[in-house]
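J.: Sharing a model prediction with you, sequence too.
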Number of protein chains: 2
Amino acid sequence: MPKNARGISETVIRRMPVYHRYLKELIEDGVERVSSKELSGLTGFSASQIRQDLNNFGGFGQQGYGYNTKALKDQIDKILGIDKSYKSIVIGAGRLGQAIARYNGFRDSGFNVISLFDIKDDIDDISGIKVRKMEDLEKYIRDEGVDVAIITVPREVCEDVAKRAIDAGVRGIWNFAPYDLKGPEGIVVENIRLNDSLLTLSYFMKEIS
Amino acid sequence: MPKNARGISETVIRRMPVYHRYLKELIEDGVERVSSKELSGLTGFSASQIRQDLNNFGGFGQQGYGYNTKALKDQIDKILGIDKSYKSIVIGAGRLGQAIARYNGFRDSGFNVISLFDIKDDIDDISGIKVRKMEDLEKYIRDEGVDVAIITVPREVCEDVAKRAIDAGVRGIWNFAPYDLKGPEGIVVENIRLNDSLLTLSYFMKEIS
DNA sequence: TAGATTGTTAATCGATTAACAATC
DNA sequence: TAGATTGTTAATCGATTAACAATC
């Protein structure tokens, strides 16, 4: 049984999706067992680290055998809360917002986009998902019990939009605006920093030339 | 003068864009000087860590004064190679690819999207940027001297597409497909793992409920 | 059984924090 | 000058790696 997850470092947590990803691949390929050494080859993390990481949550392996891919993935599903599902909305129905709303990979992770919001009120449905007016945001979040707001509005308004969503009841923010949102206590905020990533790419490009 | 940048840990490198971002804000707000303590308040990193980070590259501050925002940003510009500019193409002209091609923030970081590529050959220009056929990829990369390929194609084809771009001469890959691309020696690959980020969000959502 | 590989403890390594002399 | 704040060394902390007994 999984140990209490509290107190596990974020460094470890952020490796769990990687294990999850490679386990999915292995299962698709019909592989039934995998050793920490093999996972090391795939992920680039050391075998020792992988065993340490997994043992934060419980002893999922078996001496002399390794890990059962299916069973381990199921455990990680639970650890990451993929068994749960979150009602999500996209705020900002520009191209990025539309791309996210349409992408099925997120639904597979338990995030269902049930509506988009935009200041323009003449945008067509996106793959059958309705685009609503910003003024209806709060009522919609409350009525539908929206859990997560995916923010794809311009930088200038992202803070205001996030505040409105949080005040209306969302508990999670996935922010694509190039600005570090800081949620209040009890609200989970995940900032996607595309620009930072690009600057890092720039640094390493300079290094190799 | 900046020390040789080699041997600086990636952990440090990935904090540099954060400093850059907040310095830009400070400059916009007309702030001329900033102390490590003030930067700590903005970034969440400790003042001590900030001084350590910056001193990896040189002594940019002044005792009793702090850092001149403009001068420090200029130094970080150089460190990150923002003074340089990279010819970029987007491979995959779906909504995500279109969103990226249109976003000006990346141009400001020195990445100019000069063309898009797609298997469909009937996609209109995106904000004046031409969408070309995939079969012309290699010739275009060679003729134009493309530096960076931004990959927004589906998972199934991303590896093949990356290989083609690298073989034709690009030295950097910015990958949005949900798959870990591993470039050969001398090629810089930056994987954007949106799905991993979402699973992390899921984990922390579970934690707070 | 013999071989393989885990779970876990101990050792090492690297990153962060603390402290303070130097100095603007 | 006195106060502020850096640059830098030393101390601490946390994360990674190594090692190996347990055991499938």
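T.: Cool, the structure landed.

J.: Tell me the buried residues in the lowest-mean-pLDDT helix or strand in chain A?
T.: The least trusted helix or strand in chain A, going by mean pLDDT, DSSP states H and E, turns out to be helix A:104-108, with a mean of 87. Of the residues in helix A:104-108, A:Phe106 count as buried by neighbour count, 16 or more other CB atoms under 10 Å in any protein chain shown. (Each C-beta comes from the backbone N, C-alpha and C, glycine too.)

J.: which helices and strands does the top strand by length along chain A pack with?
T.: Of all the elements of type strand in chain A, the one with the most residues (DSSP state E) is strand A:111-118. Strand A:111-118 sits against strand A:86-91, helix A:95-102, strand A:131-133, helix A:137-144, with contacts defined as 3 or more CB pairs under 8 Å, 6 or more residues apart in numbering or on different chains; DSSP states H and E.

J.: how about the ones you listed, which one is nearest B:Phe57?
T.: Minimum separation from B:Phe57 across the helices and strands packed on strand A:111-118 (CB to CB) falls at helix A:95-102, 33.1 Å.

J.: Please state the offset of the closest one from the chain centre?
T.: A distance of 15 Å separates the centroid of the chain from that of helix A:95-102, by CA atoms, centre = their mean, to the nearest Å.

J.: which parts of chain A sit against DNA strand C?
T.: A:35-37, A:47-48, A:51-52, A:54-55, A:59-67 (CB under 7 Å from any atom of the strand).

J.: Emit the PyMOL select command for whichever of those residues are buried.
T.: Listed next is the PyMOL selection for buried residues among the residues of chain A next to DNA strand C, using 16+ other CB under 10 Å:
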select buried, chain A and resi 35+36+51+54+60+61+66+67
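
J.: In strands, which of the residues of chain A next to DNA strand C appear?
T.: Those of those lying in strands (DSSP E): A:Tyr67.

J.: Pull out whichever of the residues of chain A next to DNA strand C are also neighbours of DNA strand D.
T.: By CB under 7 Å from any atom of the strand, the members of the residues of chain A next to DNA strand C lying near DNA strand D are A:48, A:51-52, A:62-65.

J.: With pLDDT added, can I get the residues you listed in JSON lines?
T.: Converted to JSON lines, those look like this (pLDDT from 0 to 100):
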{"residue": "A:Ser48", "pLDDT": "98"}
{"residue": "A:Arg51", "pLDDT": "98"}
{"residue": "A:Gln52", "pLDDT": "98"}
{"residue": "A:Gln62", "pLDDT": "96"}
{"residue": "A:Gln63", "pLDDT": "96"}
{"residue": "A:Gly64", "pLDDT": "95"}
{"residue": "A:Tyr65", "pLDDT": "96"}
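
J.: just the residues you listed now: which is nearest DNA strand D?
T.: A:Gly64 (2.3 Å; CB to the nearest atom of the strand).

J.: before we move on, the earlier item: for the helices and strands packed on strand A:111-118, which one sits closest to B:Glu10?
T.: Across those (criterion: CB to CB), the nearest stretch is helix A:95-102, sitting at 26.8 Å.

J.: Tell me which other helices or strands that closest one touches.
T.: Partner elements for helix A:95-102 (3+ CB pairs under 8 Å, 6+ apart): strand A:86-91, strand A:111-118, helix B:95-102.

J.: In CSV, list those along with mean pLDDT and mean neighbour count.
T.: As requested, the helices and strands packed on helix A:95-102 are exported to CSV (pLDDT from 0 to 100; neighbours: other CB atoms under 10 Å in any protein chain shown):
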stretch, mean pLDDT, mean neighbour count
strand A:86-91, 98, 24
strand A:111-118, 97, 21
helix B:95-102, 95, 23
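
J.: wait, which of these is closest to A:Leu201?
T.: Across the helices and strands packed on helix A:95-102, closest to A:Leu201 is helix B:95-102 (CB to CB), at 13.1 Å.
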